[in-house]
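Participant: no sequence on hand, only this structure:
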């Protein structure tokens, strides 16, 4: 479970303090292992992930991809984990790092899930640009009013106005890339809508593209950048927008992962 930029592994794992901590509760119930690693420091000394953005000039420059690959191998070896049942998820900078890992080492994981993450507009050269031909099941959630990871693409977390955290493509372009990679570009999605919490920003539209490597996309109408959660509230702000409270991200992700086994 990968934290966002400026977050910490410990911070997002603290029960009741971050929506990603709900994975711990689910792990206790269903008896799976959950790990919260921490990325290398950015230029301000805050933990982050060196993902595939070539124009992220203020972000981490550490070799996080090797760190995650080695961590994955160590967990499999030391804890005798079935290597075919390893999953990866993350939010924001952690979502882009999840994409980055899926491009480079897709054979080491079963599926991925991302919250508030679009693909880079200017990816680094090499594998980050060419991508991988290996399809992976994927779940995505994104707020249509996300100011930090704009749904229509553009500068990431552009609080200072310098676009020094790079640019991403739109959410629709990201979805289209994932559909094509998974051979689902001609698949008609099964669509459902629900509005469990009428006091939050808006309702949720769930699109399920079925296939050998399925894709599930949650459109969080009028929601912002925060991880959606029914149980852990995240404050609203100009930088992050309003949290969606109609779904529990961790529950949806684990249900998706569990259904693939």
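Facilitator: That came through fine. As the structure is a computational prediction, the values presented were derived from the model and not from experiment.
Participant: now the strands for the stretch 51-200 of the chain?
Facilitator: 87-91, 111-115, 138-143, 154-155, 167-168, 190-194 (DSSP state E, counting those that start in this stretch).
Participant: what are the buried residues along the last one?
Facilitator: The one in question is strand 190-194. Buried residues in strand 190-194, counted by 16 or more other CB atoms under 10 Å: none are found. Quick note: C-beta positions are derived from backbone N, CA and C, even for glycine.
Participant: ok, stretch 134-147 next?
Facilitator: 135-147.
Participant: any chance you could map the helices in the stretch 151-261 of the chain?
Facilitator: Using DSSP state H, counting those that start in this stretch, the helices of the stretch 151-261 of the chain run over residues 171-181, 249-259.
Participant: quick revisit: let's have the buried residues of stretch 134-147 in CSV, adding distance to residue 66 and pLDDT.
Facilitator: Output for these, formatted as CSV (distance: CB to CB, whole Å; pLDDT from 0 to 100):
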residue, distance to residue 66, pLDDT
135, 24, 96
136, 20, 97
137, 25, 98
138, 23, 98
139, 26, 98
140, 26, 98
141, 28, 98
142, 28, 98
143, 32, 98
144, 35, 98
145, 36, 98
146, 30, 98
147, 32, 96
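Participant: distance to residue 197 added to those residues, as TSV?
Facilitator: Formatted as TSV, the buried residues of stretch 134-147 follow (distance: CB to CB, whole Å):
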residue	distance to residue 197
135	34
136	31
137	28
138	25
139	20
140	20
141	15
142	18
143	14
144	16
145	16
146	18
147	21
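Participant: I'd like the strands of the stretch 51-200 of the chain laid out as TSV, including distance to residue 9.
Facilitator: TSV is the format used below for these (distance: least, CB to CB, whole Å):
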stretch	distance to residue 9
strand 87-91	11
strand 111-115	16
strand 138-143	21
strand 154-155	26
strand 167-168	24
strand 190-194	32
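Participant: mind checking those for the one nearest to residue 121?
Facilitator: strand 167-168 (4.1 Å; CB to CB).
Participant: contacts for the closest one next, please.
Facilitator: 53, 55, 96, 118-122, 149-150, 153-156, 174 (CB atoms under 8 Å, 6 or more residues apart in numbering).
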